[in-house]
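Student: Can you look at this prediction? I've put the sequence above it.
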Amino acid sequence: METLQTPGREMTDLTDYVLHLADNALILGHRNSEWTGHGPVLEQDIAISNIALDLIGQARMLYQYAARLCGGTQTEDSLAYLRDAWDFKNCLLVELGRGDWAFTVLRQFFFSTYQYLLYQKLTGSRDATLAAIAEKAVKEVSYHLRWSGEWVVRLGDGTQESHRRMEAALLELWAYTGELTTDAPYESRLSRSGVAVAVPSLQVPWTQKVTEVLREADLRLSLEALLGNTWMQQGGKLGTHTEHLGFILAEMQYMQRTYPGSNW
Amino acid sequence: MPTATNPNKQPVIQDPACQAGSDAELRFQQKVDNDLKIEPRDWMPEKYRQTLIRQISQHAHSEIVGMLPEGNWITRAPSLRRKATLIAKVQDEAGHGLYLYSAAETLGISRDEMIDQLHSGRAKYSSIFNYPTLTWADIGAIGWLVDGAAIMNQVPICRCSYGPYARAMVRICKEESFHQRQGFEILLTLSKGTEAQKRMCQDAINRWWWPSVMMFGPHDEASPHTAQSMKWKIKRFSNDELRQRFVDMCAQQVKVLCMELPDPELRYNPSRGHYDFGPIDWQEFHQVINGNGPCNRERLSARIRAHQEGQWVREAATAHAAKQAAKLEKQVA
């Protein structure tokens, strides 16, 4: 498959963009995999592990592409395991702690809604590799979206306790949702050349979908109270993260850092 | 003939006249002898049912508890490929747990009851999972040795007289043999790597070898249920026969790794056509079974914690489903 012949600035932007997409997928996949063996019921343990696996699979395709763009000795593993936190470009939302099941499914729902809209558009990217990756991934993400949306409704509507936990998760997560649809400079430049998706254009459909599901989950009032809150946490896309990412990397990168240059 | 409904909605046929030596029992044994499968609605001796419930649920619990030591390394797996295959593997174990709980449910016990038996200590799981996974090489050693021993035990169960168990095992064995190859490949990569990797590989083999040899259970003369289970074709080979096959297989495969099995008495005996091996430390075996292994308490408490923390989630799902059903009923009315 042909990659765009892109000189200078656009090349750097493309690498940053692919890493941003890859980091999002890897870090959320890593977080979700913390549930494996500890889920609330066996069937859902399998489901959340499956989502983790899909996300890590997406991350691998994207890192492999980024490694080709970087050239030299970079590999999918050097990009995942040998960069420090300030080089990671994932949104803050995906790195927040695992939380309880309410937090996990609501975060997944916010992220999958975004990722679904994003990948749908990215299938039309001028960059053939990105378009092909998006084409494959969007099928998986449509399942993540359905699964997480169903859980949001189930917990919002279920018992008093589950409703209370969903409200708490909503309050905690909301300020991290704005970054999903706020573009970084590399994104906006690449979107003008038809390579990246202009994420601000996803904001309206994202809010529509989220409102629709939260209404069904009987969480409309909590959402309306938050919609006025436009102060959003951001920085992840440019490498300024929360305290969580350093710990994720310390754990995830430990083998590669302790035994450098080994094949596994 | 009166029937009672069990939690799995399978009619259990109860016939008080069917005592040992009765016509029903003779017919049952004849079916077993002719290698015909016993199905959930067929008459079966109560002891056969209980033996199967014990064995299948113990097997299911082993799959679920076994997710923990391997799950330990998911967040620290040394490459993206290894991370993905480890998640997939642990997820497979969860799937095996599901098939096995379902197979046991056909015998008239619910999954909740079985889980309760695990958490209260009334049901056992494979003792091997009470050992810790200390390095990445342990993931390879579990695949090669633990899954290898499990396959040795489980392949004959594909021909078990109880249909649902036999059918579940066919699928499980296919996946397990894939896991075993993956495990061996992890060790093979380490064995060709740096000095530290080789050391890691040998260390893991040293720690997992004897516990794996013990997975086949006590020696035949100390295994009181074997004769009855063989008559019922729940079991096809004795503990010592299977253990010998395992030792013979590993003694060959370890050469490919250029590593050693930690047994100075291990050597090929041409007169037997098998490898002789040293004495098993049965004291350790019994200590671990009785709760004194390095991780018994941790493993069980991790399972109980996951179950308790999931309580509100399961309750919410049930409540939501009930509300939905009520809505639907109202619409229909």
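Tutor: In hand now; what should we look at? Residues are numbered from 1 along each chain as shown, chains lettered A, B, ... in the order given.
Student: Select the longest helix from chain B.
Tutor: helix B:163-191 (DSSP state H).
Student: Compute the distance from the centre of that one to the centre of its chain.
Tutor: A distance of 12 Å separates the centroid of the chain from that of helix B:163-191, by CA atoms, centre = their mean, to the nearest Å.
Student: List the buried residues for it?
Tutor: Across helix B:163-191, burial judged by 16 or more other CB atoms under 10 Å in any protein chain shown covers B:163-166, B:168-169, B:172-173, B:175-180, B:182-184, B:186-191. Just so you know, the C-beta spots here come from the backbone N, C-alpha and C atoms, and that holds for glycine as well.
Student: Tell me which residues touch A:Leu26, please.
Tutor: Contact analysis of A:Leu26 by CB atoms under 8 Å, 6 or more residues apart in numbering or on different chains lists A:Leu55, A:Ile56, A:Ala59, A:Tyr63, A:Ala80, A:Asn90, B:Leu80.
Student: Give me the spatial nearest neighbour of the residue in the stretch 101-250 of chain A that chain B sits nearest to, chain neighbours excluded.
Tutor: Distances between the stretch 101-250 of chain A and chain B by CB to the nearest CB are smallest at A:Gly158, namely 2.8 Å. In this structure, A:Gly158 finds its nearest non-sequential neighbour in B:Ala316, 2.8 Å apart by CB to CB, 6 or more residues apart in numbering or on different chains.
Student: Distance check, B:Ile56 against B:Lys330.
Tutor: 41 Å (CB to CB, to the nearest Å).
Student: neighbour count winner among these two?
Tutor: B:Ile56 (29 against 8; other CB atoms under 10 Å in any protein chain shown).
Student: before we move on, the earlier item: gap between the residue of the stretch 101-250 of chain A closest to chain B and A:Ala102?
Tutor: 10 Å.
Student: B:Phe246 now?
Tutor: From B:Phe246 to A:Ala102 the distance is 46 Å (CB to CB).
Student: tell me the SS of the spatially most central residue of chain B?
Tutor: Central residue of chain B (CA atoms, centre = their mean): B:His59, 3.7 Å from the mean position. Secondary structure, DSSP: H, G, I helix; E, B strand; the rest coil: B:His59 is helix.
Student: Can you give me the distance of it to B:Val65?
Tutor: Separation of B:His59 from B:Val65 (CB to CB) stands at 11 Å.
Student: next one: A:Leu190
Tutor: On the measure of CB to CB, A:Leu190 and B:Val65 end up 48 Å apart.
Student: re the thing from before, which of B:Phe246 and A:Ala102 has more neighbours?
Tutor: A:Ala102 (27 against 21).
Student: Could you verify that that one is part of a helix?
Tutor: Yes: the assignment for A:Ala102 is a helix, going by three-state DSSP.
Student: As a check, name the ranges of all helices in the stretch 101-250 of chain A.
Tutor: A:101-122, A:128-157, A:160-173, A:185-192, A:203-216, A:220-227, A:243-252 (DSSP state H, counting those that start in this stretch).
Student: of all these, which gets the most neighbours per residue?
Tutor: When the helices of the stretch 101-250 of chain A are scored by mean count of other CB atoms under 10 Å in any protein chain shown, the highest mean neighbour count falls to helix A:101-122 (a mean of 24).
Student: And chain B, is that helix touching that?
Tutor: Yes: residues of helix A:101-122 contacting chain B under CB under 8 Å from any CB of the partner chain: A:Trp101.
Student: And what about the residue nearest to A:Gly158, helix, strand or coil?
Tutor: helix.
Student: Would you mind listing the buried residues in the helix or strand containing B:Leu68?
Tutor: B:Leu68 belongs to helix B:46-71 when assigned by DSSP states H and E. Across helix B:46-71, burial judged by 16+ other CB under 10 Å covers B:48-49, B:51-71.
Student: and B:Tyr275, that's in a helix?
Tutor: No: using three-state DSSP, the assignment for B:Tyr275 is strand, not a helix.
Student: Enumerate the positions of stretch B:263-281 that are buried.
Tutor: B:Asp263, B:Leu266, B:Tyr275, B:Phe277, B:Ile280.
Student: residue ranges with poor pLDDT in the chain?
Tutor: No chain specified, so I'll use chain A. Applying pLDDT under 70 to chain A flags residues A:1-7.
Student: oops, I was thinking of chain B
Tutor: B:1-21.
Student: ok, 50 please
Tutor: Residues of chain B meeting the criterion pLDDT under 50: B:1-18.
Student: which residues of it fall in strands?
Tutor: B:3-5, B:11-13, B:267-269, B:274-276 (DSSP state E).
Student: Contacts made by the last one with the rest, please.
Tutor: Contacts with strand B:274-276, where a contact means CB under 8 Å, 6+ apart, come from B:Gln244, B:Val247, B:Asp248, B:Ala251, B:Glu265, B:Leu266, B:Arg267, B:Tyr268, B:Asn269.
Student: Residues in a beta bridge with the last one, which ones?
Tutor: Per DSSP bridges, residues listed as beta-bridge partners of B:Asn269: B:His274.
Student: Check the spacing between the residue lying closest to B:Ile115 once chain neighbours are set aside and A:Gly97 real quick.
Tutor: Once flanking residues are discounted, B:Ile115 sits nearest to B:His307: 6.7 Å by CB to CB, 6+ apart. According to CB to CB, B:His307 and A:Gly97 sit 21 Å apart.
Student: Equivalent analysis for A:Thr113, please.
Tutor: A:Thr113 is 21 Å from A:Gly97, by CB to CB.
Student: Would you agree A:Ser78 is in contact with A:Gly72?
Tutor: No: assessed by CB atoms under 8 Å, A:Ser78 is found out of contact with A:Gly72, at 9.5 Å.
Student: Neighbour count: the two, which is higher?
Tutor: Set A:Ser78 next to A:Gly72 and count neighbours by other CB under 10 Å: A:Ser78 wins out with 15 against 7.
Student: Tell me which helix or strand that one sits in.
Tutor: Using DSSP H and E, the element containing A:Ser78 is helix A:76-81.
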